[in-house]
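Chemist: Next come a sequence and a model predicted from it.
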Amino acid sequence: MKINIALLAGDGIGPEVIDQAVKVCDAIAIQYDHEINWKPALTGAAAIDAVGEPYPDETHEICANSDAVLFGAIGHPRFDNDPSAKVRPEQGLLKMRQKLGLFANVRPTFTFPSLIDKSPLKKERIEGTDLIILRELTGGIYFGERGRTDNSNTAFDTMTYERFEIERLARKGFEMALKRSKKLCCVDKANVLESSRLWRETVQAMEKEYPEVEVSYEFVDAVAMRLVQWPKAYDVMITANLFGDILTDEASVISGSMGLMPSSSVGSDVSLYEPIHGSYPQAAGKDIANPLATVLSAAMLFEDFDLNKEAKAIREVVNKSLAEGIVTEDLSDDAKSYKTSEVGDWLAANI
Ligand code: IPM
Ligand code: MN
């Protein structure tokens, strides 16, 4: 198969982790006889520096005309403490999600047997955790009206949802649940928010189309608690943009390191694959960041093209590296840890 992949390395550790995923994908291409054409493009702070814009039109063209996008990370500390900055790297990410129509963000959380002791939670609580948070990604408070009034002394952000936005996300949730344990949890704050009441109403109306799926409705604050008490209670969860942002960070550490969890963002023709973690600027250029989340994001990419053997090969080689201790310093107990690039080389050589 011929696959054109837009390659958006972005900021911080983005370029380093992306390099490793490319090595692994190229090894897969050789092994399974595919042709991958990488199309590098600028995004984030790197793009602001080069062309004054975090998601330039040229980058959008490259993404829109590719079969998939592989993304590293976005964000640079020089913008974080400057509330007056006119352009921010993060705006590039939001613009990209919107322009590519990526309304559903698929964020799985699962455990690795060899890392079970790395989790901040007790082993018996997390062993066998396997859940997916489906986060709405192009609506809600991220994209609602915001501003200042009262001589700038009052600020507001608006959480707006239209029925169709909830419906299309929920449909993905129902379909995903059908392929898994047939359990779907709608996470909202319907005891307070009107937009959440529309979520509940919409999802309830869809239940009759999916009689096999058992749907539950839970409040986001209770879910935040239960996720760390008993994550095995959950399978497929659907939720609004901001709730999903928060819950997926919480869920991602269950596995033991945020550097492990992949994600995909889907909606229209072109899907995007990226690690859940951010740009980790303190580690940039040091060759110490964990590349596994990005490598596993590439596995999700292959799976979406029905290249399941390829995806499985990536997952297996990742498991093997963990079991054999070929890991970066975040996962290493003893003095011996490997560089980002060494882990990538090892993975590619063992495909
Ligand atoms: C994420 C990130 C982004 C978000 C930021 C960088 C804008 O935290 O992908 O979860 O809030 O969506
Ligand atoms: Mn986030």
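Modeler: Structure received. Ligands and ions are numbered 1, 2, ... in the order given.
Chemist: For whichever residue of the stretch 1-150 of the chain sits closest to ligand 1, give me its contacts.
Modeler: Ligand 1 sits closest to E90 of the stretch 1-150 of the chain, with a gap of 3.9 Å, by CB to the nearest ligand atom. C-beta coordinates here come from the backbone N, C-alpha and C atoms, glycine included. The contact partners of E90, by CB atoms under 8 Å, 6 or more residues apart in numbering, come to P54, I74, G75.
Chemist: Export the particular helix or strand that has it in it to PDB, keeping only CA atoms.
Modeler: Using DSSP states H and E, E90 sits in helix 89-99. Taking C-alpha atoms only, helix 89-99 is exported to PDB below (Å, rounded to 0.1, in the frame of the first residue of the first chain):
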ATOM      1  CA  PRO A  89       1.500  27.700  19.400                       C
ATOM      2  CA  GLU A  90      -1.700  26.000  20.800                       C
ATOM      3  CA  GLN A  91      -3.800  28.100  18.500                       C
ATOM      4  CA  GLY A  92      -2.200  26.100  15.700                       C
ATOM      5  CA  LEU A  93      -3.400  22.800  17.200                       C
ATOM      6  CA  LEU A  94      -7.000  24.100  17.600                       C
ATOM      7  CA  LYS A  95      -7.100  25.600  14.100                       C
ATOM      8  CA  MET A  96      -5.800  22.300  12.700                       C
ATOM      9  CA  ARG A  97      -8.400  20.300  14.500                       C
ATOM     10  CA  GLN A  98     -11.100  22.600  13.200                       C
ATOM     11  CA  LYS A  99      -9.900  22.900   9.600                       C
END
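Chemist: between the following helix or strand past that helix and helix 89-99, how big is the angle?
Modeler: For helix 89-99, the following helix or strand on the C-terminal side (DSSP H and E) is strand 104-110. Interaxial angle of strand 104-110 relative to helix 89-99 (axes from the mean of the first three to the mean of the last three CA atoms, to 10 degrees): 110 degrees.
Chemist: Name the strands paired with strand 104-110 and say parallel or antiparallel.
Modeler: With DSSP bridges as the test, strand 104-110 is paired with strand 130-136 (antiparallel), strand 262-266 (antiparallel).
Chemist: Just send the ones you listed back as a markdown table, with mean pLDDT too.
Modeler: Listed next are the strands paired with strand 104-110 as a markdown table, based on pLDDT from 0 to 100:
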| stretch | mean pLDDT |
| --- | --- |
| strand 130-136 | 98 |
| strand 262-266 | 97 |
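Chemist: Nearest to K99, out of those?
Modeler: For K99, the closest of those is strand 262-266, at 12.2 Å, according to CB to CB.
Chemist: Now do whichever helix or strand comes after the closest one: which elements does it pack against?
Modeler: Per DSSP H and E, the first helix or strand lying C-terminal to strand 262-266 is strand 271-275. Judged by 3 or more CB pairs under 8 Å, 6 or more residues apart in numbering; DSSP states H and E, the packing partners of strand 271-275 are strand 68-73, strand 262-266, helix 292-304.
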